[in-house]
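S.K.: 3D model of this:
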Amino acid sequence: MAETPSESISADKVVVWYSSSEQSISATMADFLNDNGVTPSVRTLYFIDAMGRFPIKEFCQLLPPQENGALFENVRVMASLDLGELIDVVGKIAQFTQVARSAHSRDPVKSPSPQVLVFLRGLDVMFRNTALRDQSRAHLLLRDIMLRLRMIAKSSTSTTKTIVLFPAFHNTNESSADASQPPSKKHKMNPSSLNNNSLAAYISKYYADRIVVLGKP
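M.R.: As a prediction, the model looks like this:
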């Protein structure tokens, strides 16, 4: 049986998730937010997309707004059309997270440990939009963004995870269908020749701690 990212990324900083299932994506976000008060933490969900495709219908079915108004206040939906906009968004997330961690260090009782989950969808679109103007800059920004996301996750007092979403059909490794696995590090890849499928493989190889395949049509 396939694992969901919420089950498989407990120690992971960056996860590549191949999924086209809005229901599964929404369930992972809802599970993160709805901790039922078990852990005294401040949970913030960032959903970043190239075209603002937040699965609002499926999400609201799992967390009805009338009953979960407080949880909705912890959801940040952001749009980034290219990597230039994305690196600005990642910078804001890093700043917010650092402020929350500092507050927790000063007064752990008053300021619970911050827990952050970043969903990043449409990275292929952002990369393509940037590369059309300047391919070299696109590669530099991609590297900086992924390194920043990994750096944000380095903390002993809080948890920050990034799930990079790619459509299920971008997964070219048929043997990994419906599975959770560490990325392969065997073959070298040339970042200058990235397309949609190889971009996903590139992120998986060099920046992801785990690959999850779920909801493949």
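
S.K.: Please count neighbours and contacts with C-alpha atoms only from this point.
M.R.: Will do.

S.K.: What residues of the longest helix along the chain count as buried?
M.R.: Looking across the chain with DSSP state H, the single longest helix is helix 83-106. Buried residues in helix 83-106, counted by 16 or more other C-alpha atoms under 10 Å: 83-84, 86-87, 89-91, 93-94, 97, 100-104.

S.K.: For the closest residue to Lys13 other than its chain neighbours, the count of nearby residues, please.
M.R.: Leaving aside its sequence neighbours, Lys13 sits nearest to Lys161 (C-alpha to C-alpha, 6 or more residues apart in numbering; 4.8 Å). If you count neighbours by other C-alpha atoms under 10 Å, Lys161 ends up with 23.

S.K.: Figure out the helix or strand that Lys161 lives in.
M.R.: In the assignment (DSSP states H and E), Lys161 maps to strand 159-166.

S.K.: Output that strand as CSV - backbone C-alpha positions only.
M.R.: Written as CSV, here are the backbone C-alpha positions of strand 159-166 (Å, rounded to 0.1, in the frame of the first residue of the first chain):
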residue,chain,number,x,y,z
THR,A,159,9.8,21.4,11.7
THR,A,160,9.7,22.7,8.2
LYS,A,161,9.1,20.5,5.2
THR,A,162,8.6,21.2,1.5
ILE,A,163,6.6,19.0,-0.8
VAL,A,164,7.4,19.6,-4.5
LEU,A,165,4.4,18.5,-6.5
PHE,A,166,4.7,17.2,-10.1
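
S.K.: Neighbouring strands of it in the sheet, and parallel or not?
M.R.: Take DSSP bridges as the rule and strand 159-166 pairs in its sheet with strand 14-18 (parallel), strand 113-121 (parallel).

S.K.: quick one: average pLDDT of it?
M.R.: The pLDDT scores in strand 159-166 average 93.

S.K.: what's it in contact with?
M.R.: Residues from elsewhere that reach strand 159-166 (C-alpha atoms under 8 Å, 6 or more residues apart in numbering): 5, 9, 12-20, 114-123, 149, 152-154, 200.

S.K.: quick one: it to helix 83-106, angle?
M.R.: 160 degrees (axes from the mean of the first three to the mean of the last three C-alpha atoms, to 10 degrees).

S.K.: Export the strands paired with strand 159-166 as a markdown table, with columns for mean pLDDT, mean neighbour count and distance to Tyr206.
M.R.: Formatted as a markdown table, the strands paired with strand 159-166 follow (pLDDT from 0 to 100; neighbours: other C-alpha atoms under 10 Å; distance: least, C-alpha to C-alpha, whole Å):
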| stretch | mean pLDDT | mean neighbour count | distance to Tyr206 |
| --- | --- | --- | --- |
| strand 14-18 | 94 | 26 | 10 |
| strand 113-121 | 93 | 22 | 17 |
